[in-house]
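J.: Give me a 3D structure for the following:
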Amino acid sequence: MTRYTWGTIGISNVAATSSVALAMATAASWSPAGTLVPQLAFVAGPLLFVALLAWLRQNHFTRSRFLFWVALVAAIGGLGILGADYVRFCNEPPNNHASHAHPLIVPIVQWVVVMVAWIFLVIQEGREKRAENKTA
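T.: Numbering: from 1, shown residues only. Just a heads-up that it's a prediction; the model follows:
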C-alpha cells in the first residue's frame, strides 16, 4: 500500500468528520427540524467514497496519487466553504442566524468532482485492460 493511499484515507476521514461537525454546528440556520442522518451521510459521502476508491486501488501508484489529489482538493474546498459559513454563523447575533451557503451544496459539488474522477479511472482501467487483452 502506498503512502498516497494512506494519505488519501486519512485526509478523507478527517475531512468527512470535520464536514459533518461543521454542518451540525450550523444546522439551526438551514434545517428547521435539525440535522438528519441522511443529510449528514450525504455530507460525508463523497470523501468517504474517495477513501474507498483509494483502498481498492492501493496497488497502483499513479491512481493512488491521483486520488490523493482529488481528496485533497475536495477536502480543502469543502472545509474552506463550510468553515467560512461557520465563522459567519458564529459571529452573527443569535436572532439573525442565516446560512450564507447551504451545507448540502458543498457535497453536491464534491460528489460531482468525485464521480468525474471515478469515471476517469474506470475509463482508464478499461483501456488498459483492452490493451492487455489485445497483446495477449
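
J.: Please determine how far residue 132 is located from residue 87.
T.: 51 Å (Cβ to Cβ, to the nearest Å). C-beta: built from backbone N, CA, C; applies to glycine.

J.: Show me the helices in this structure, by range?
T.: 3-25, 27-30, 37-56, 61-91, 105-135 (DSSP state H).

J.: between those helices, which gets the lowest average pLDDT?
T.: With a mean of 65, helix 27-30 has the lowest mean pLDDT of these.

J.: Can you give me the distance of the spatially closest residue to residue 51 that is not a sequence neighbour to residue 107?
T.: Setting aside the residues directly before and after it, residue 51 is nearest to residue 12 in space (Cβ to Cβ, 6 or more residues apart in numbering), at 3.8 Å. Going from residue 12 to residue 107 by Cβ to Cβ gives 13 Å.

J.: coming back round to it: ok, the residue nearest to residue 51 - contacts?
T.: Listed by Cβ atoms under 8 Å, 6 or more residues apart in numbering, the contact set of residue 12 reads 47, 48, 50, 51, 54, 71, 75.

J.: Quick check, central residue of this protein?
T.: Residue closest to the average C-alpha location in the chain (Cα atoms, centre = their mean): residue 47, at 2.9 Å.

J.: Test my guess that that residue contacts residue 10.
T.: No - counting by Cβ atoms under 8 Å, residue 47 stays clear of residue 10, with 11.0 Å between them.

J.: Now do the shared contacts for these two.
T.: Joint contacts of residue 47 and residue 10 (Cβ under 8 Å, 6+ apart) do not exist.

J.: Could I get the pLDDT score of residue 100?
T.: Reported pLDDT for residue 100: 61.

J.: for the one 3 residues further on, same thing?
T.: What the model reports for residue 103 is a pLDDT of 69.

J.: Now residue 118: closest residue in space, sequence neighbours ignored.
T.: residue 53 (6.3 Å).
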